[in-house]
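# Can you look at this prediction? I've put the sequence above it.
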Amino acid sequence: MNYRRFLHGAKFWFWVALFVAYSAGAVGLVLIDTYDDRYRHLSKVKLTTVKAQEDVRRAGASQVAAVYRAQSGMPFASLPAGSTFQVVWPDGSTETMVIVDPTSTLGVAPVMDTQVTAADVQAPVTSADASR
């Protein structure tokens, strides 16, 4: 009797944990790498870094978001107002942006203190590096 009750409880908590894990994974941050071919040649993205003026970064991120929406399966549902995404600029620097107005050419705003320059990005440590 106790074994059957334990098995029923274990099954219940397994499905609860699976649902929570799936929900947490589905809400993840969108990462857009502008070094990809579909973004690399955009006019506002070519020379953009986190050191560029804010309006230049906003225009580049808006262009990237528009291309991301156009190539997604549900263009009117992807990256709605209020959603955030992380941009990796062509030089390797990164920053997080928030969608303010999806229809505007400057409808993206940078999230304060999320800019990381390419020099600050650390190379991953491999086992060969660790043994030196």
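Received it, and whenever you're ready, just let me know what you need. Numbers count the residues shown, from 1 in each chain.

# could you pull out the helices for this protein?
Along the chain, counting by DSSP state H, helices occupy 2-26, 37-40, 54-71, 127-130.

# Could you dump these into CSV with mean pLDDT, mean neighbour count and distance to Met97 added?
C-betas here are computed from N, CA, C, even on glycine. Formatted as CSV, the helices of the chain follow (pLDDT from 0 to 100; neighbours: other Cβ atoms under 10 Å; distance: least, Cβ to Cβ, whole Å):
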stretch, mean pLDDT, mean neighbour count, distance to Met97
helix 2-26, 69, 9, 20
helix 37-40, 87, 13, 14
helix 54-71, 91, 19, 5
helix 127-130, 50, 7, 32
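
# Among those helices, which comes closest to Met112?
Closest to Met112 of the helices of the chain is helix 54-71 (Cβ to Cβ; 10.7 Å).

# Please name every helix or strand in contact with the closest one.
strand 30-33, helix 37-40, strand 84-88, strand 94-99, strand 108-110 (3 or more Cβ pairs under 8 Å, 6 or more residues apart in numbering; DSSP states H and E).

# need the ones you listed in CSV with distance to Gln53, can you?
Shown next, in CSV, are the helices and strands packed on helix 54-71 (distance: least, Cβ to Cβ, whole Å):
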stretch, distance to Gln53
strand 30-33, 20
helix 37-40, 20
strand 84-88, 15
strand 94-99, 13
strand 108-110, 11
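
# Can you tell me which of these is nearest to Ala119?
strand 94-99 (12.1 Å).

# Just want the angle from that closest one to helix 54-71.
70 degrees (axes from the mean of the first three to the mean of the last three Cα atoms, to 10 degrees).

# Need the residues that contact strand 94-99.
In this structure, residues lying in contact with strand 94-99 by Cβ atoms under 8 Å, 6 or more residues apart in numbering are 29, 50, 57-58, 61, 65, 79-89, 107-111, 114-116, 121.

# Buried ones among these?
In the contacts of strand 94-99, burial by neighbour count holds for 50, 57-58, 61, 65, 79, 85-89, 107-110, 115-116, counting by 16 or more other Cβ atoms under 10 Å.
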